[in-house]
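J.: 3D, please:
(2 chains)
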Amino acid sequence: MSELLSAPPAIVAAGVEVFSTALRAQGADVTDVDWRPPGFGRPADLAQLALDPRRATANRTAVERVLAAGSVLVDVRPAREVLDVDERTLLHSGPPLTWEAASGPMRGALIGACLFEGWAATVEEAQRVLAAGEVALDPCHHHRAVGPMAGVTSPSMWTWCLEDPVSGGRAYCNLNEGLGKVLRMGAFNEEVLTRLAWMRDVLGPLLSKAVRSRPEPLDVKAVLAQMLQMGDEGHNRNRAGSLMTLRDLAPAIVAVDAPSADVADALRFIGGNEHFYLNLGMPTAKLAMDAARDVPGSTLVTVMSRNGTEFGIQTAGTGDRWFTAPANTPVGLFLGDFGPEDANPDIGDSSIMETYGVGGFSMAAAPAIVRFVGGTVPDALATTERMYQLTLAENPAMQIPVLGFRGAPTGIDVLAVARTGWLPQINTGMAGRVAGTGQVGAGLVQPPQECFEQALTALAEESRAVV
Amino acid sequence: MSDRTHVSLRSGVYADSVRLMQVSRDIGARDGVTAVLVAMATPLNLELAAGMGLAPDGVVAPDQLLVALRATDDDALAAALTAVDAALAARESAGRAQVVPARTVGAALADAAHPALAVVSVPGPYAALEAADAIAAGRSVLVFSDGVPVEQEVALKRSAHDAGVLVMGPDCGTAIVSGLALGFANVVRRGPVGLVAASGTGAQQVSCLLDAAGVGVSHVLGVGGRDLSAAVGGLATLDALAALADDPGTERVLLVSKPPAPAVAERVADAAGRLAVPVRSAVLGPERPDLTAAVEALLADLGVAIPEWPSRPHAADAVPPGAVLKGFYSGGTLADEAMLLAAPVLGDVRSNTPLRRELDLGTDLRARGHVVVDFGDDALTVGRAHPMIDPTLRLEAIAALADSGEPAVLLLDVVLGHGADPDPAAALAPALQAAGLPAVVALVGTEADPQGWSRQADALAEAGAAVFASNAQAARHALELIGSRDE
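T.: Residues are numbered from 1 along each chain as shown, chains lettered A, B, ... in the order given. This is a model prediction of the structure:
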């Protein structure tokens, strides 16, 4: 308090302009807040959360756990060994989903996975067993896992096994298939199934042996930090990260006792896939966000995820509860002849990257990405600047060179989203609306505001019940 | 089919895929273009081209640029090709980042200097959000907004106390911090007296009288009109007193308030008595000193001679028999002070902000008899500016009183300083002249105020009003005029 009276204070003014004018006339250092009424939320709910005495400490606790979490690659195992799923279960991205509600690309991926696992011999049979509920569907997020786009993970698929040395937590993600016609984009033709079989029979075992043979586990978080210095944002642009991963894993892969043709195929496959790292970055972000789970009173977002039909979020203060609403459709650029009418609504767990503060939040690190919406470099910088106002911390490990090595804006605060009316910015791939199409483009998308409205209401209810 | 197609491969040209997708999109949007793919000739892109019926012939290397187009006629095709060349040659200009302004007090405070003070004047339902940001950032906050729910005020002040910062307000209209005037405040000299004020116009009256006596203020810390209510319990008053006690520039403290909740007044008095700095009370109440008397007592404490308070006395008008007191105030505390002085002389005085509930005027501001109206009361400022800025309502009331023919003595306050009407006499003097009623004005301000005390006083005196720097003196003068009718 004595600080206030020690010298004429700098003024931060929100509201009526005449005050600032009068203060400036006296020579005061005045900063005007560009204040406007909150974007959504009942005033009583907003105030309830703002004045909840637990909130400041809870949010600090939650975001410090996010920042502290590490991520090392400890193993590569088939999903059935590590994911605690029944034999006839398929994991998928986003909040819970039924076959009936599933979009084209999600259905395509589920069909492809049934064919791949031999649960159906034909597409028609796969549709039948899925429609009959003979294959259980469960979100990846319910199994400490994440998956890009459709995120469909079946028991025979190999998964990256990552560990947070700080909390001891684990997170999992399947292996990235590359671009174009791939299962995660909803394609399930022969080419897709052949590649999945090769990944199961050759790539997975090879990677597993290689990873296990390394004297030190790969520090995946450190790779992400370096990527941001090299023009990647870790969601839609993973070029540097994929090459660094190849560089770091290649000696161990070559040293595996395997046919040289298989080794060459594996290295060619990894080197040819500029999103290879994404499936390592996502569980890295997942580890950090899981570390922040279950902090009562915290308004931090722990999950943003989409299943192609709905967008869902979770918060640290509301546990495993999903807040869902119909997913938006991304806008951006299209491959070949595809256009906006071909794009499926938003899909994938990969928005865990933005939840962690990279991807769209660190757009300033990757100016190339902003052109997906015909924007400019200043747009990229402005996007990241806006995200700083939605988040609780700056991640000192994830630095953005062009912003003077400022840390990535990390830890979305539901209350800040409501007050600014700005929605989180997500960079994303776009799957074709029709099952079997594959990727049609890439672009930018935002969550539906309704998810945050529901979360705000629930957090305020919890606060009222406790405080 | 009359479509025209173009498929070519260019070597030595590289552009990244994002840029090429952008080019493809732009070209595809042109009239007459039905299909386009401008892309590096990777296997994936060749497959896409084949799907569009635009596959190149012969051996293709992935570092070649594929340009594949279909258009409705030759002209459209040629124009599209030209556009492809232009688009590939175009360069973006790297611009500066646009500045993203802070949307919340929290965001703005992140970059603020030390010390900093947040000033919040957003609509009441949202004020606590912004104030809570300041507290969370370890900064003090002045909340000018009214309409903040009292439980939010209590929560803010509790958390501010825990954080070691001060919440001034809500509904805090006046503060001076290290010489910086916030809201409605007068240009007064700096000096050794710190004010803690649950009353804005009360603080203005006191600081202006001190200034007239040559004594300055260190700080004026407003705490909001409800701070000394039972619900809030003096939370900010206690913290403000402690802050002034720690301030090396403050030698004496004066606590200024409307009549407080008795239990709270007692608690505050107890706390004040334990501080290292002497605290004197200018707390209004029946049988308590008025604000001018409290200032005079403080001056005596300081060993400063009590001056003759500035005034422009006016030869007494003929006051009609049966004249009543009509106090038309803009400052709530000044209105309270006038009623406290009038009650022992006149008996019951009715008001929209009455001393006792049974004297409530309700909405009938034009009731006959002894009446004091506070035009600054929240109920009368909904949807309009405070009467210190917008005199319309009060000028209408003066005209209506004159029209009613009720014999009366007018008692008014005019508050000068930052934020107030730049020339209140300009509208008031003609209104007083037109009304033709005996008028007494409490003119709260200093010579250094933008409006200038003497300039305003002269204009009002010219219009026939008696003018006093002390509201208590003004009220007494009005009461004498009413009393004089029998002499």
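J.: Can you give me the distance of the residue nearest the centre of chain A to chain B?
T.: With distances taken as C-alpha atoms, centre = their mean, chain A has A:I352 as the residue nearest its mean C-alpha position (1.9 Å). According to C-beta to the nearest C-beta, to the nearest Å, A:I352 stands 23 Å off from chain B. All C-beta atoms are positioned from the backbone trio N, CA, C, and that covers glycine.
J.: for A:A397, phi and psi?
T.: Its backbone dihedrals place A:A397 at phi -80, psi -30, with angles given as degrees, to the nearest 10.
J.: hmm, back to that, show me what contacts the residue nearest to the centre of chain A?
T.: Contact criterion C-beta atoms under 8 Å, 6 or more residues apart in numbering or on different chains gives A:146, A:282, A:285-286, A:289, A:303-305 as the residues in contact with A:I352.
J.: Help me confirm that B:A212 comes into contact with B:E308.
T.: No - if you go by C-beta atoms under 8 Å, B:A212 and B:E308 don't touch, sitting 9.3 Å apart.
J.: between these two, which one's more packed in?
T.: Relative neighbour count places B:A212 above the other of B:A212 and B:E308, with 20 against 7, counting by other C-beta atoms under 10 Å in any protein chain shown.
J.: Just the pLDDT for the more buried one.
T.: Confidence at B:A212, expressed as pLDDT, is 98.
J.: Mind pulling up the pLDDT for the closest residue to A:E117 other than its chain neighbours?
T.: Distances taken as C-beta to C-beta, 6 or more residues apart in numbering or on different chains place A:S154 nearest to A:E117, at 5.0 Å, with adjacent residues excluded. Predicted confidence (pLDDT) for A:S154: 98.
J.: now do the one 10 residues further on
T.: Predicted confidence (pLDDT) at A:D164: the value is 97.
J.: what does the stretch 351-467 of chain A have sitting close to chain B?
T.: A:364, A:368-369, A:371-372, A:374, A:376-378, A:381-382, A:385-386, A:388-389, A:416, A:419-422, A:441-442 (C-beta under 8 Å from any C-beta of the partner chain).
J.: My guess is the residue nearest to A:E117 contacts A:L90. True?
T.: Yes - A contact is recorded between A:S154 and A:L90 when judged using C-beta under 8 Å, the distance being 5.6 Å.
J.: in chain A, what spans have low per-residue confidence?
T.: A:1-2, A:372-374 (pLDDT under 70).
J.: got the domain boundaries for it?
T.: A:1-35, A:56-66+A:289-466, A:72-282 (automatic domain parsing).
J.: Mutual contacts of A:S154 and A:L90, please.
T.: Counting by C-beta under 8 Å, 6+ apart, the contacts common to A:S154 and A:L90 are A:A113.
J.: Next up, identify which helix or strand the residue nearest to the centre of chain A is on.
T.: Secondary structure assignment for A:I352, by DSSP states H and E: helix A:352-355.
J.: near chain B, which residues of the stretch 51-200 of chain A?
T.: Within reach of chain B by C-beta under 8 Å from any C-beta, the stretch 51-200 of chain A has these residues: A:51, A:53, A:56, A:179-180.
J.: mind redoing it with 10 Å?
T.: Residues of the stretch 51-200 of chain A lying close to chain B (C-beta under 10 Å from any C-beta of the partner chain) are A:51-53, A:55-56, A:59-60, A:178-181, A:191.
J.: Kindly tell me how buried residue 444 is, as a neighbour count.
T.: Since you didn't name a chain, this refers to chain A. A:L444 sits with 20 neighbouring residues when counted by other C-beta under 10 Å.
J.: if you could check chain B rather than the one you did, that'd help
T.: Each residue near B:V444 was counted by other C-beta under 10 Å, and the total is 32.
J.: now B:A78
T.: Burial of B:A78, expressed as a neighbour count using other C-beta under 10 Å, amounts to 14.
J.: returning to what we had before: I'd like to know which of the residues of the stretch 351-467 of chain A next to chain B are buried.
T.: For those, burial is judged from neighbour counts taken by 16 or more other C-beta atoms under 10 Å in any protein chain shown, and it is met by A:364, A:368-369, A:371-372, A:376-378, A:381-382, A:385-386, A:388-389, A:416, A:419-420, A:422, A:441-442.
J.: What's the first helix or strand after the helix or strand where B:A175 lies?
T.: Here B:A175 sits within strand B:174-177, counting by DSSP H and E. Scanning forward in sequence from strand B:174-177, with DSSP H and E defining helices and strands, the next element found is strand B:180-183.
J.: re earlier: tell me the buried residues in the helix holding A:I352?
T.: Buried residues in helix A:352-355, counted by 16+ other C-beta under 10 Å: A:352-355.
J.: Kindly report the same for stretch B:364-375.
T.: B:365-366, B:370-375.
J.: quick revisit: the residue nearest to A:E117 touches A:D86, doesn't it?
T.: No - judged on C-beta atoms under 10 Å, A:S154 makes no contact with A:D86 at a distance of 11.6 Å.
J.: quick one: B:V232 from B:P260, how far?
T.: Remark: distance between B:V232 and B:P260 (C-beta to C-beta, to the nearest Å) = 10 Å.
J.: Mutual contacts of these two, please.
T.: Residues within reach of B:V232 and of B:P260 at once, by C-beta atoms under 10 Å, 6 or more residues apart in numbering or on different chains, are B:A198.
J.: So is stretch B:34-53 next to chain A?
T.: Yes - with C-beta under 10 Å from any C-beta as the measure, stretch B:34-53 is seen reaching chain A through B:34-37, B:39, B:42-45, B:47-53.
J.: That stretch: end-to-end distance?
T.: Stretch B:34-53 has an end-to-end distance of 12 Å (C-alpha to C-alpha, to the nearest Å).
J.: how far does it sit from the chain's center?
T.: For stretch B:34-53, the distance from its own C-alpha centre to the chain's C-alpha centre is 62 Å (C-alpha atoms, centre = their mean, to the nearest Å).
J.: can you give me the helices in the stretch 251-400 of chain B?
T.: B:262-273, B:291-302, B:332-346, B:378-381, B:392-404 (DSSP state H, counting those that start in this stretch).
J.: For B:R267, which non-adjacent residue is closest in space?
T.: By the measure of C-beta to C-beta, 6+ apart, the closest residue to B:R267 outside its immediate chain neighbours is B:G234, 6.1 Å from it.
J.: hang on, the earlier thing: might you specify the subset of the contacts of A:I352 located within strands?
T.: Secondary structure from DSSP state E places A:146, A:303-305 of the contacts of A:I352 in strands.
J.: what's the pLDDT at the residue in the stretch 101-250 of chain B positioned nearest to chain A?
T.: Proximity to chain A, evaluated over the stretch 101-250 of chain B using C-beta to the nearest C-beta, is greatest for B:S121 at 3.1 Å. Looking at B:S121, its pLDDT stands at 93.
J.: these two touch, right, it and A:G15?
T.: Yes - under the criterion of C-beta under 10 Å, B:S121 is in contact with A:G15, at a separation of 3.1 Å.
J.: what touches both of the two?
T.: Shared contacts of B:S121 and A:G15 (C-beta under 10 Å, 6+ apart): A:35, B:127, B:130, B:143-145.
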